[in-house]
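In: Just to be clear, the model below is a prediction. Sequence and coordinates:
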Amino acid sequence: MRPALVSILRKTTGGNRPIRRHASVPSENPSPENCATLLPGPSILTGTGKHRPNPGTLFLPGLRSLPFWTAPPSPGGAEGRRRIAYGDGVVSEVVEEAEGLWENIREEYLALKGSGALEDYVNGGDGGHATLHDGKWDWHSFMRGGKVGRDDGPVASCPVSAGLLLGDVGATTAARHLFRDVPFGYAFFSALGGESSIKAHCGPMNLRLRVHLPLIVPSAGVRKEGGRDPPCGIRVGNEIREWEEGRAIVLDDSFEHEVWNETSDERVILLFDIWHPDIHPEERERIVEMFRYARKQGWIGNEK
């Protein structure tokens, strides 16, 4: 059983920054009966050298956690069935669906870029990490802040990608489990320019898993003196991975993570969030209702 604590977002008297109060029964201004049950983050135990989930805003106890939910490629590049953490069926199906469409999705991205479509990166959009980003980082969004993107964006011009993520009546596992209607749900083409990076940080909550489908990965080239190994990669917790075109990576971004591209070329992935598979459908509904209620009360703002 998870602790019966109710998270209520309240405004401080000194400004608009929300604070969190936690009690078994709210004393005033109670939230709806179907509100979610959550605990605050981040962890009180830090700086030990041991990486654990450390979300900055909300934490749901009892969820399985690993930095990566997909195993690295086998030595020598041997092909075989993908190894997924805990043998989880949902994550396995999402990975299989995404990898089966990756070449079509890459072609859609290249066509979108060639059309001159405007990118829609919002500085600091996911958790306000504006100060963490160095260099060039472009987005073309299918979903931002839990809301499906504009009709004139990739939702309309990239039907294969949109079908995977948004599919009619949940036609795909990815669409059924997309982290929709929650302010921290994202799905977009993420293009990280050469000589660019996103510094180490933790995601805002442990309610989601993040999927990276690599579409364009720059070759390592000549490693510059004092540079990172690999020159283009991602670290989650203590584990470092390289992207491989067409091979999905699933990670838990509530662990500390960072990304870098020290090559001269662009790295492009389709990034999208799915619900953590341990969260029951009823819990999803209550979490969505919690955020809907908080937004209605003005405790959290609308996505820009």
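Out: Thanks, I have it.
In: now Ala294, what's its secondary structure?
Out: Using DSSP: H, G, I helix; E, B strand; the rest coil, the three-state assignment for Ala294 comes out as helix.
In: And it, how far from Arg144?
Out: For Ala294, the distance to Arg144 equals 18 Å [Cβ to Cβ, to the nearest Å]. Yep, even glycine has a C-beta here, placed from its N, CA and C like the rest.
In: Show me what the residue most central in space within the chain is bridged to.
Out: By Cα atoms, centre = their mean, the chain has its centre lying nearest to Arg210, at 3.8 Å. Residues in a beta bridge with Arg210, per DSSP bridges, are Leu251, Asp273.
In: how much space between it and Phe184?
Out: 10 Å.
In: Show me the common contact partners of those two, please.
Out: Contact with both Arg210 and Phe184 is made by residues 203, 273, according to Cβ atoms under 8 Å, 6 or more residues apart in numbering.
In: who's more crowded, Ala294 and Arg144?
Out: Comparing Ala294 with Arg144 by other Cβ atoms under 10 Å, the one with more neighbours is Arg144, at 23 against 19.
In: Pull out the buried positions in the helix or strand hosting Ser197.
Out: According to DSSP states H and E, Ser197 maps onto strand 196-201. Across strand 196-201, burial judged by 16 or more other Cβ atoms under 10 Å covers 196-198, 201.
In: Straight-line length of stretch 229-240, end to end?
Out: Start and end residues of stretch 229-240 are separated by 9 Å (Cα to Cα, to the nearest Å).
In: Could you list the low-pLDDT ranges of this protein?
Out: Scanning the chain with the threshold set as pLDDT under 70 gives 1-50, 75-81, 123-130, 169, 221-223, 301-304.
In: Nearest spatial neighbour of Pro53, chain-adjacent residues omitted?
Out: Ranked by Cβ to Cβ, 6 or more residues apart in numbering and with sequence neighbours excluded, the top spatial neighbour of Pro53 is Ser254, at 4.1 Å.
In: Now do that neighbour against Ser74, distance only.
Out: Noted for Ser254: a distance of 27 Å to Ser74, by Cβ to Cβ.
In: How about Glu256?
Out: 27 Å.
In: Could you check which of these two is surrounded by more residues?
Out: More neighbours surround Glu256 than the other of Glu256 and Ser74, with 19 against 10 (other Cβ under 10 Å).
In: so what's that one up against?
Out: Glu256 neighbours (Cβ under 8 Å, 6+ apart): 51, 54, 200-202, 236-237.
In: swap in Arg267?
Out: Contacts for Arg267 (Cβ under 8 Å, 6+ apart) come out as 191-192, 214, 216-218, 232, 243, 261.
In: if we go to 6 Å?
Out: 192, 217-218, 232, 261 (Cβ atoms under 6 Å, 6 or more residues apart in numbering).
In: out of these, which is most surrounded?
Out: Neighbour count (other Cβ under 10 Å) singles out Asn261 as the most crowded of those, with 27 neighbours.
In: How much space separates that residue from Gly135?
Out: Distance from Asn261 to Gly135, by Cβ to Cβ: 8 Å.
In: Over to Asp138: give its phi and psi.
Out: Reported as degrees, to the nearest 10, the phi and psi values for Asp138 are phi -110, psi 140.
In: In this structure it contacts Ala117, no?
Out: No. Look at Asp138 against Ala117 with Cβ atoms under 6 Å: they stay out of range, at 10.2 Å.
In: Tell me if I am right that Gly194 is in a helix.
Out: No. Looking at Gly194 with three-state DSSP, it is coil, so not inside a helix.
In: which residues touch it?
Out: Counting by Cβ under 6 Å, 6+ apart, Gly194 touches 261, 263-265.
In: And for it, nearest residue in space, chain neighbours not counted?
Out: Nearest residue to Gly194, sequence neighbours excluded (Cβ to Cβ, 6+ apart): Ser264, at 4.3 Å.
In: Fine by me, thanks again.
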